[in-house]
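Novice: Next comes the sequence, and after it the predicted model I'd like to discuss.
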Amino acid sequence: MQDVAAAAGVSLGTVSNVLNHPAKVSPATAQRVREAIAQLGFVRNDAARSLASGSNSSIGMVLADIENSLFIDMVHGAQEAARATGSKLLLANTACDMTLQDEYLDLFDESRVTGMLLAPMQDSTAGIARVRAHGRQIVLLNFAPKRGTCCAVLVNNEQVGYLAARHLIETGRTRLAFVAAHDDYQPVRDRRLGVRAAVEEAGGRVVLEEIAAAGLTTADGHLAGQGLARRALEELPDGLVVVTDELANGIIHELHTVAGVRVPEQVAVVGCENNRTAGSAAVPLTAVDMPGRMMGQEAMRLLMDEVEAGERHRHATVVLEPELVVRASAPN
């Protein structure tokens with residue numbers, strides 16, 4: 001910065017203002033400083049700046065699974081809200097690996113980000129406590145924290161399962177199955193509870209089978225679909241609630257395209273996310289919509305409120321309600 005100041009014929013404070021508070025500098029002077037920066041190839045040392053100030057203008061966002069478009073929608077919403085505050089979003093994907101998640105939380109902590117957004121699939125209380133002890137604010141997405149731990153933005157995942165099952169019941173399906181994996185994931189457990197509640201509400205006229213898949217991906221859906229396809233037609237459920245859309249699309253492919261089981265006439269299928277693959281499947285998927293973009297926006301709002309409020313802050317949880325999107329796999 002001293003070299004830039006000398007080359008531009010200005011004070012060190014003027015260079016600092018051009019970089020941090022450009023409105024304080026006349027356009028002609030600012031242009032002269034920028035030309036000196038370009039000529040000298042100067043790049044600001046943000047690490048040193050962060051060390052001096054204790055934070056920077058970046059927000060760290062740690063996601064469980066960037067291959068799932070729900071998380072991508074969260075990123076878009078968070079990025080839009082971050083830009084509106086003059087902040088930059090740094091992104092990390094953990095692939096549902098808790099060790100990797102902790103490494104990224106520590107990396108963002110060491111980088112002195114202003115705060116963090118975390119969208120996990122498992123209990124992350126220890127990691128949250130560690131970074132908060134260092135003065136880093138953190139907000140959870142799609143996972144309910146322990147009371148008093150931090151702010152959170154949730155979708156009512158019990159309602160997700162309930163809406164999916166109720167739709168099948170209202171359209172005349174009486175033999176339902178819930179296909180899921182990873183019951184250690186909070187959203188999966190909550191969706192299962194919602195499905196059970198809808199079946200219980202229907203009384204004895206609806207039965208529920210719970211099918212364990214190997215995982216939550218499209219490949220796991222192919223395996224689950226192959227298992228279902230080996231059954232006699234009369235032994236198949238007539239309605240499936242599938243915990244992720246990728247899993248649902250794999251099942252539909254094996255039943256409808258490979259085995260010739262007609263979807264939705266013989267087996268109707270409802271997914272639980274409405275991700276970007278839902279409408280482009282071989283049979284477009286009816287799904288319960290998770291408002292990911294709004295979740296990202298709300299999480300960033302909560303984070304910035306906490307940063308500004310400091311010790312006056314009180315943790316809050318925002319719960320967003322899901323909506324059913326009806327397509328060909330389970331029409332009205």
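Specialist: Here it is on my side, so go on.

Novice: can you give me the helices in the protein?
Specialist: 2-8, 12-20, 27-40, 46-53, 69-84, 98-110, 125-132, 157-170, 186-201, 218-229, 245-252, 292-309 (DSSP state H).

Novice: any idea which of the ones you listed is most buried?
Specialist: Comparing the helices of the chain by mean neighbour count (mean count of other CB atoms under 10 Å), helix 245-252 comes out on top with a mean of 28. Quick note: C-beta positions are derived from backbone N, CA and C, even for glycine.

Novice: what comes into contact with that one?
Specialist: Residues from elsewhere that reach helix 245-252, judged by CB atoms under 8 Å, 6 or more residues apart in numbering: 68, 179-181, 213, 215-225, 228, 240, 242, 263, 269-275, 277-278, 281-283, 285, 287, 329.

Novice: any idea how far Glu170 is from Ala330?
Specialist: 10 Å (CB to CB, to the nearest Å).

Novice: scratch that, Gln39
Specialist: Distance from Gln39 to Ala330, by CB to CB: 64 Å.

Novice: Same question for Ala164.
Specialist: 9 Å.

Novice: between these two, what contacts are shared?
Specialist: Val270.

Novice: Just want the most central residue of this protein.
Specialist: In the chain, the centroid-proximal residue (CA atoms, centre = their mean) is Phe71; its distance is 3.2 Å.

Novice: Which pLDDT value goes with Asn68?
Specialist: pLDDT recorded at Asn68 is 89.

Novice: now swap in His21 and tell me
Specialist: 80.

Novice: got the phi/psi numbers for it?
Specialist: phi -140, psi 70 (degrees, to the nearest 10).

Novice: For the residue nearest to Glu298 when sequence neighbours are not counted, give its distance to Gly203.
Specialist: Closest residue to Glu298 apart from its sequence neighbours, by CB to CB, 6 or more residues apart in numbering: Val153 at 4.5 Å. Here the criterion is CB to CB. By it, Val153 lies 35 Å from Gly203.

Novice: More neighbours: the two, which one.
Specialist: Counted by other CB atoms under 10 Å, Val153 and Gly203 do not tie: Val153 has more neighbours, with 29 against 7.

Novice: shouldn't that one be in contact with Val139?
Specialist: Yes. At 6.9 Å, Val153 counts as touching Val139 under the criterion of CB atoms under 8 Å.

Novice: Need the residues touching each of those two.
Specialist: With CB under 8 Å, 6+ apart, Val153 and Val139 have common neighbours Ala299, Leu302.

Novice: For Ala278, give me its contacts.
Specialist: Asp245, Asn249, Gly271, Pro284, Leu285, Ala287, Val325, Arg327.

Novice: any chance of those in TSV, with distance to Gly77 too?
Specialist: Listed next are the contacts of Ala278 as TSV, based on distance: CB to CB, whole Å:
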residue	distance to Gly77
Asp245	19
Asn249	24
Gly271	21
Pro284	24
Leu285	22
Ala287	19
Val325	18
Arg327	24
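
Novice: tell me the two of the residues you listed that are most distant?
Specialist: Asn249 and Val325 (14.6 Å; CB to CB).

Novice: Break down the stretch 201-332 of the chain into its strands, ranges please.
Specialist: With strands called from DSSP state E, counting those that start in this stretch, the stretch 201-332 of the chain shows them at 207-212, 239-242, 268-271, 286-289, 317-320, 323-325.

Novice: Give me whichever of those strands is most buried.
Specialist: Stretch with highest mean neighbour count among the strands of the stretch 201-332 of the chain: strand 239-242 (a mean of 32; mean count of other CB under 10 Å).
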